[in-house]
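**Student:** Test case, fold it:
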Amino acid sequence: MDKILRINMGGQGGPEIKTEPMGDYSGLAGRAMTSGIVSKEVPPLCHPLGEDNKLVIAPGMLSGSLAAMSGRISVGCKSPLTGGIKESNSGGQPSQVLARIGYAAIVIEGKPADDTLYKVFINKDNVEITPDNSLKMLGNYDLVDKMKAAHGDKIACISIGPAGEMKMSAASIAFTDMELRPTRHAGRGGTGAVMGSKGVKVIVLDGEGTQARSPKDPDKFKEANKAFTAGLKKHPVTGEGLPAYGTNVLTNILNEAGAYPTNNFSSGRFDGAGKISGETEAETETARGGNPTHGCHKGCVIQCSGIYNDKDGNYLTKQPEYETIWAHGGNCGIDDLDAIAMMDRLDDDYGLDTIEMGATIAVAMEAGLAKFGDAEAAIGFVKEVGKGTPLGRVLGNGAAVTGQVFGVERVPVVKKQAMPAYDPRAVQGIAVTYATTPMGADHTAGYAVTANILGVGGTVDPLKPEGQVELSRNLQIATAAIDSTGMCLFIAFAILDQADTFQALLDLISGFTGAGMTGDDVTELGKSVLKNERNFNAAAGFTAADDRLPEYFKKEALPPHNVTLQVTDEELDSVFNW
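**Tutor:** Numbers count the residues shown, from 1 in each chain. Got it, this is the predicted structure:
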């Protein structure tokens, strides 16, 4: 993984391909790579859908190796949703394959002169770009089937659906899983719209003839990988809860904590939570011949993915995750698992961020376009987006736009990106993360739910402001570093609680790279990534005023705890005073 592939879609005679050495980006990977390139090469004031924006796709530092949990991939650009820098993270097979082919990043730049759609094919020997307008407006599922027919079933695909082609700000980029299903997504921030603006429909990766990347110190790497895997398996979250129930194990937990946003963040408890919980979901999957335990990429030992079949036992979608179940479920007052699974399938096929779409539908319901709990109407809204109707184009551009169009005040966004499945009044650590991360409201940027709710890595009272800034700050730094390694963020549960597992991770990285890695090195890596991202946003016009939650979170008390946001603006402004 020692080279960068640049594809200029605005070349004089069509797309131009150039392979170059790492240069200034030597040693970078994943989020460090995407944010490094975007912050250095993309004009902060450019139009996100214009020729000056760049789409960067980068596997992690350990991707393509035999390291457990190392198959995450980062996508970076200037976001058409937030107007700031974006790193969106995904699982699936492409990270492993791209790394083994040898590319540390794909940089797609420029813009085609017309609306021709292109397919990119990459293997260890060649890169081919061909125009193929037969792919226009195909859903991700049909698109991948067409790629399998053309290239066999040993490939991995990176693609956009109709939403990306229509350049909607809620559009995602799909990454295929081990069964070649387009079920893993770089969902947040409208990355799919940027890929669509470049005229790229699909990138096909063929890893035939490649080998796993070799560690510099094989013995140290092997021993550390063994210890790291054992640490993940002995932790109750990564070894028991997530494999058994997936991420949706959180539904009952957050609902009991009074932090489960319901009916567009109007309450912290949902009466129908038990019907859509992880426990109910796993039982349903098992009864229908699906599977609640499944990995989205080779090397995954947590296995928090799953297979959701319909009532007739036929595959419908991957196991909808906690955020999706909440977004299309409790946040919209819907307690029908099959309806939620159908929306998940449609989102994946059209190429849409499930969090943004669920939050958008809830805002539309508050506007009176449908009643909370109306699953049929919610499915209809998603289909409107897929068809690109006038209403669909409004909804497909996210919650902030939908709230503006329909005159809704209570729109749960930061930097125009919708909040995920934790009410910031009842989980005040996540409020700090939502407000201050350069990404817009994003739980993964600094998952304070760990100490606020789960008692992982210590305990901080979720209903009080004390300790929340330090908690979010430390987690944002650690997360930026983890996102650069290619490791799944869920390893954080084990490394926060188990010192020996954290040391095993450091030894794993050291054994692979040949350079010693300490805890201080992890901190410095995370800080450097955040510095690049914040500098970009500042140059794009963001100020401290953008690091705020909507005012109603300070004014409206959230049942059942009847609490408002207690963290002050001054405290929010101190997050990056390290």
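**Student:** so the residue nearest the centre of the chain, which of the three states?
**Tutor:** Among the residues of the chain, the smallest C-alpha distance to the mean C-alpha position (C-alpha atoms, centre = their mean) belongs to Asn89, namely 4.2 Å. With DSSP: H, G, I helix; E, B strand; the rest coil as the basis, Asn89 sits in strand.
**Student:** wait, doesn't it sit right on Gly76?
**Tutor:** No: in terms of C-beta atoms under 8 Å, Asn89 does not count as a neighbour of Gly76; the distance is 10.0 Å. Any C-beta I mention is one placed from the backbone N, CA and C, and that applies to glycine too.
**Student:** So in terms of bridging, what pairs with the residue nearest to the centre of the chain?
**Tutor:** In this structure, Asn89 has beta-bridge partners Ser74, where bridges are defined by DSSP bridges.
**Student:** Can you give me every residue that contacts it?
**Tutor:** The neighbours of Asn89, taking C-beta atoms under 8 Å, 6 or more residues apart in numbering as the test, are 31, 72-75, 186, 444, 483, 489.
**Student:** what do you get for Ala504?
**Tutor:** In this structure, Ala504 makes contact with 224-225, 227-228, 231, judged by C-beta under 8 Å, 6+ apart.
**Student:** What of Ala170?
**Tutor:** Residues in contact with Ala170, defined by C-beta under 8 Å, 6+ apart, are 81, 163, 190, 352-353, 356-357, 360, 385, 395-398.
**Student:** and the closest residue in space to it that isn't next to it in sequence, how many neighbours?
**Tutor:** The spatially closest residue to Ala170, leaving aside those adjacent along the chain, is Glu356, at 4.2 Å (C-beta to C-beta, 6 or more residues apart in numbering). Residues contacting Glu356 under the criterion other C-beta atoms under 10 Å number 33.
**Student:** Spit out the contact partners of Glu356.
**Tutor:** Under the criterion of C-beta under 8 Å, 6+ apart, the contact list for Glu356 reads 81, 170, 187-188, 398-399, 417-418.
**Student:** Then Gly192?
**Tutor:** Counting by C-beta under 8 Å, 6+ apart, Gly192 makes contact with 160-161, 163-164, 168, 171-173, 186, 351-352.
**Student:** repeat that with 7 Å
**Tutor:** Listed by C-beta atoms under 7 Å, 6 or more residues apart in numbering, the contact set of Gly192 reads 160, 163-164, 171-173, 351.
**Student:** so it sits in a helix?
**Tutor:** Yes: counting by three-state DSSP, Gly192 is located in a helix.
**Student:** mind checking how far it is from Ser79?
**Tutor:** Note on Gly192: its distance to Ser79, by C-beta to C-beta, to the nearest Å, is 11 Å.
**Student:** what do you get for Pro236?
**Tutor:** For Pro236, the distance to Ser79 equals 36 Å [C-beta to C-beta].
**Student:** and these two? which has more neighbours close in?
**Tutor:** The neighbour count for Pro236 versus Ser79, taken as other C-beta under 10 Å, is higher for Ser79 (29 against 13).
**Student:** what does the model give that one for pLDDT?
**Tutor:** Here the pLDDT value assigned to Ser79 is 98.
**Student:** Provide a list of residues in contact with it.
**Tutor:** Residues in contact with Ser79 (C-beta under 7 Å, 6+ apart) are 48, 86, 189-190.
**Student:** mind redoing it with 8 Å?
**Tutor:** By C-beta under 8 Å, 6+ apart, Ser79 lies in contact with 48, 85-86, 189-191, 417, 440.
**Student:** where's it relative to Asn123, distance?
**Tutor:** Noted for Ser79: a distance of 31 Å to Asn123, by C-beta to C-beta.
**Student:** Which of the contacts of Ala170 fall in helices?
**Tutor:** Within the contacts of Ala170, residues falling in helices by DSSP state H are 163, 356-357, 360, 385, 395, 398.
**Student:** which helices and strands does whichever strand or helix holds Thr402 pack with?
**Tutor:** Here Thr402 sits within helix 398-406, counting by DSSP states H and E. For helix 398-406, the contact count by 3 or more C-beta pairs under 8 Å, 6 or more residues apart in numbering; DSSP states H and E identifies helix 354-366, helix 390-395, strand 413-414, strand 417-418 as packing neighbours.
**Student:** Would you mind giving the domain segments of the protein?
**Tutor:** Following the assignment in automatic domain parsing, the chain carries domains at 3-206, 215-245+424-578, 261-421.
**Student:** Touching, Ser574 and Val469? I think so.
**Tutor:** Yes: with contact taken as C-beta under 8 Å, Ser574 and Val469 are classed as touching, separated by 6.0 Å.
**Student:** Just the strands from the stretch 251-400 of the chain, written as ranges.
**Tutor:** In order along the chain, the stretch 251-400 of the chain carries the following strands (DSSP state E, counting those that start in this stretch): 291-294, 305-309, 315-318.
**Student:** ok, which stretches of the stretch 51-200 of the chain are strands?
**Tutor:** Counting by DSSP E, counting those that start in this stretch, the segments of the stretch 51-200 of the chain that form strands are 55-59, 73-78, 85-90, 103-109, 118-122, 127-131, 155-159, 173-175, 184-186, 200-206.
**Student:** what's the closest of the ones you listed to Arg425?
**Tutor:** The closest of the strands of the stretch 51-200 of the chain to Arg425 is strand 85-90. By C-beta to C-beta, the value is 26.3 Å.
**Student:** what angle sits between that closest one and strand 155-159?
**Tutor:** Using axes from the mean of the first three to the mean of the last three C-alpha atoms, to 10 degrees, one finds that strand 85-90 and strand 155-159 are set 140 degrees apart in direction.
**Student:** Mind exporting the C-alpha coordinates of strand 85-90 to CSV?
**Tutor:** Written as CSV, here are the backbone C-alpha positions of strand 85-90 (Å, rounded to 0.1, in the frame of the first residue of the first chain):
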residue,chain,number,x,y,z
ILE,A,85,-15.0,18.7,5.8
LYS,A,86,-16.3,15.1,5.8
GLU,A,87,-14.9,11.8,6.7
SER,A,88,-17.5,9.0,6.4
ASN,A,89,-16.6,5.5,7.5
SER,A,90,-17.7,2.1,6.2
